[in-house]
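Engineer: The following comprises the amino acid sequence and a computationally predicted model.
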Amino acid sequence: MRAFWKNDVFPFCLSQTVAAEHDDGSVSLYGYGRLKKEHTIALLDDEIGDAIQAKLDLLKQERRKELKLFDDKYKKAASEIADFLNPQLKGIL
């Protein structure tokens, strides 16, 4: 079983394999400790939970690639401005 819960950073949720379920509805997670029922978005069986986590992992990879392209574009533009302003800075940025 896999538990999902909200997070502040992309993809805005995390998941982990459930180590134990408790009578109060909370779950213990490998590497995270205990997660209260009210913090849990979903508890899914391994097959479905792993499939959703794989999709989230793919989204993170795609986002990382897009952000790198974005950063490279603006780094190049900033470097060109710096080179224009001061040829001695060429290649520093």
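Structural biologist: Structure received. Numbering: from 1, shown residues only.
Engineer: Parallel or antiparallel, which strands does the longest strand seen in the chain pair with?
Structural biologist: In the chain, assigned by DSSP state E, the strand with the most residues is strand 13-21. Strand 13-21 pairs in its sheet with strand 2-6 (antiparallel), strand 27-29 (antiparallel), by DSSP bridges.
Engineer: Turn the ones you listed into CSV, including mean neighbour count.
Structural biologist: Glycine gets a C-beta too; all of them are placed from N, C-alpha and C. Listed next are those as CSV, based on neighbours: other C-beta atoms under 10 Å:
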stretch, mean neighbour count
strand 2-6, 18
strand 27-29, 19
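Engineer: returning to that earlier point: ok now the longest strand of the chain, how far from the chain's centre?
Structural biologist: 16 Å (C-alpha atoms, centre = their mean, to the nearest Å).
Engineer: For it, report the contacting residues that lie outside it.
Structural biologist: 1-7, 27-32, 41, 43, 46, 49, 52-53, 56 (C-beta atoms under 8 Å, 6 or more residues apart in numbering).
Engineer: burial count for the nearest residue to residue 37 once chain neighbours are set aside?
Structural biologist: Leaving out its chain neighbours, the residue that sits closest to residue 37 by C-beta to C-beta, 6 or more residues apart in numbering is residue 25, at 3.4 Å. By other C-beta atoms under 10 Å, 12 other residues sit near residue 25.
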